[in-house]
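Novice: Below is the structure, and that's it, no one-letter string:
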């Protein structure tokens, strides 16, 4: 028999949140080793529970959601999403502009496949959520990474964005609130990005899945609300804010002026129809869920679990010699910087692999988020305080003697 290799389309695709280091962790788990996983933003394993009312509603709806829905989703869900968009100051959205998906992940891939031809370029942040780069690449396009500036609270570098635009650039990805840094972009930064897109006629792809997970009394501004004359595609869902990641409940909304993108919309409609529809039981709770924001807010204020875990982790990491981190204003991630000269670090993947083997704690290296320098890693601070203390104490100990060889 001839050998069958993976497709060459995967040659430049990575998803190191579940990559080689995770493979090693799974091997250790199979051998009976207990691993503390700080690599994936999955609330359920850390004791977070969805609102009881949401679970009850899902149960009640099961017998009514056994068949396919419209390919875009249930009308009740799409009406609720339109109402939510209006609440965010986005006016040019109708139910026909909303597409539900099996999580935002499916819709990111769909949006890229419907747009890109070979050689087309999409601007993607560095660091990024790696699915964006992967989806651009798998769709035949080229992901061109623009820098986010750690010295400026991880905000996008506007001059770098401008320098990366070519005649092949079709759009730009904005991840706000940001994964992996936890940064929340202020209005003035978003307005600068809109001006660049306006000048060059770019589509804005706005990943806003964490927009309800914001600290310190701050408000999330949707970039679509600032660009009614442009096409902005916003992505959102219930996985994080309502703690139902496993239900795969996401959506995207085509916002703003769609008059110059009729062919693209046709492509999106075709791809949406090809997969028949998204998870209908999950769609059935969208309307109610978008009225349930209080439970999430309570997690993000002083005394709330995520707030207190952020406070502890930020302080503990910055007290470790050789580690520094910018305080996140949203989500539940931090992207600490390593003093590479202290530990002779030249390979960040090896750093997290050695830490895993030594301390039985799983992190994700910065390169997994298309950060080019080997000097960062991502921490998920969803575990309870006692587990976070174990993790930070072990990292402090590890940094006291680790020298990369």
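Specialist: Yep, it's here. Here the structure is a predicted model, which means the values were calculated and not measured. Numbers count the residues shown, from 1 in each chain.

Novice: Every contact and neighbour count from this point should use C-alpha atoms.
Specialist: OK.

Novice: Leaving out chain neighbours, which residue sits closest to residue 148?
Specialist: residue 156 (4.2 Å; Cα to Cα, 6 or more residues apart in numbering).

Novice: what's the pLDDT at the one you found?
Specialist: With respect to pLDDT, residue 156 has a value of 98.

Novice: Also the one 3 residues further on?
Specialist: The confidence metric pLDDT takes the value 98 at residue 159.

Novice: what helix or strand is it on?
Specialist: Here residue 159, judged by DSSP states H and E, is contained in helix 158-164.

Novice: which helices and strands sit right next to that helix?
Specialist: strand 142-149, helix 187-200 (3 or more Cα pairs under 8 Å, 6 or more residues apart in numbering; DSSP states H and E).

Novice: tell me which residues of that helix are tucked away?
Specialist: Across helix 158-164, burial judged by 16 or more other Cα atoms under 10 Å covers 158, 161.

Novice: what does the helix or strand just after that helix rub up against?
Specialist: Toward the C-terminus, helix 158-164 is succeeded by strand 169-175 as the next helix or strand (DSSP H and E). By Cα atoms under 8 Å, 6 or more residues apart in numbering, the residues outside strand 169-175 that reach it are 120-125, 128-129, 132, 197, 201-208.

Novice: distance between strand 169-175 and the chain's centre?
Specialist: Relative to its chain's centre, strand 169-175 lies at 14 Å (Cα atoms, centre = their mean, to the nearest Å).

Novice: now stretch 158-175
Specialist: Worked out by Cα atoms, centre = their mean, stretch 158-175 lies 19 Å from the chain centre.

Novice: now do stretch 281-297
Specialist: Relative to the chain's own centre, stretch 281-297 is displaced by 19 Å; criterion: Cα atoms, centre = their mean.

Novice: before we move on, what about stretch 209-226?
Specialist: 14 Å.

Novice: what sits up against it?
Specialist: Applying Cα under 8 Å, 6+ apart, the contact partners of stretch 209-226 are 88-91, 104, 176-178, 184-187, 190-191, 194, 206, 208, 232-238, 240-241, 255-256, 293, 296-297, 300-301, 307, 329-331.

Novice: Derive a ChimeraX selection command for the buried subset of the residues you listed.
Specialist: Buried residues among the contacts of stretch 209-226 (16+ other Cα under 10 Å), as a ChimeraX selection:
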select :89,90,91,104,176,177,178,184,185,186,190,194,206,208,232,233,234,235,236,237,238,240,241,255,256,296,297,300,301,307,329,330,331
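
Novice: From the contacts of stretch 209-226, which land in helices?
Specialist: 104, 187, 190, 191, 194, 296, 297, 307 (DSSP state H).

Novice: Closest one of these to residue 249?
Specialist: For the ones in helices among the contacts of stretch 209-226, the minimum distance to residue 249 (Cα to Cα) is 7.5 Å, reached by residue 104.

Novice: Skip the chain neighbours and tell me the closest residue to that closest one.
Specialist: Closest residue to residue 104 apart from its sequence neighbours, by Cα to Cα, 6+ apart: residue 250 at 4.8 Å.

Novice: what is that neighbour paired to in the beta sheet?
Specialist: Counting by DSSP bridges, residue 250 is bridged to residue 101, residue 237.

Novice: Compute the number of surrounding residues for it.
Specialist: Residues contacting residue 250 under the criterion other Cα atoms under 10 Å number 26.

Novice: separation between it and residue 326?
Specialist: When distance is defined by Cα to Cα, to the nearest Å, residue 250 is 29 Å away from residue 326.

Novice: And residue 30, by the same measure?
Specialist: In this view, residue 30 and residue 326 are 35 Å apart by Cα to Cα.

Novice: The two - which one has more neighbours?
Specialist: residue 326 (19 against 10).

Novice: my read: that one touches residue 153, true?
Specialist: Yes - the criterion here is Cα atoms under 8 Å, and residue 326 meets it with residue 153 at 6.7 Å.

Novice: Where does the prediction get shaky in the chain?
Specialist: Across the chain, the ranges flagged by pLDDT under 70 are 14-18.

Novice: do that again at 50, thanks
Specialist: Residue ranges of the chain with pLDDT under 50: none are present.

Novice: which secondary structure elements does the longest helix seen in it contact?
Specialist: Counting by DSSP H, the longest helix found in the chain is helix 385-401. Where contact means 3+ Cα pairs under 8 Å, 6+ apart, helix 385-401 is packed against helix 305-318, helix 348-359.

Novice: Any buried residues in it, and which?
Specialist: So for helix 385-401, counting by 16+ other Cα under 10 Å, buried means 385, 388, 389, 391, 392, 394, 395, 396, 399.
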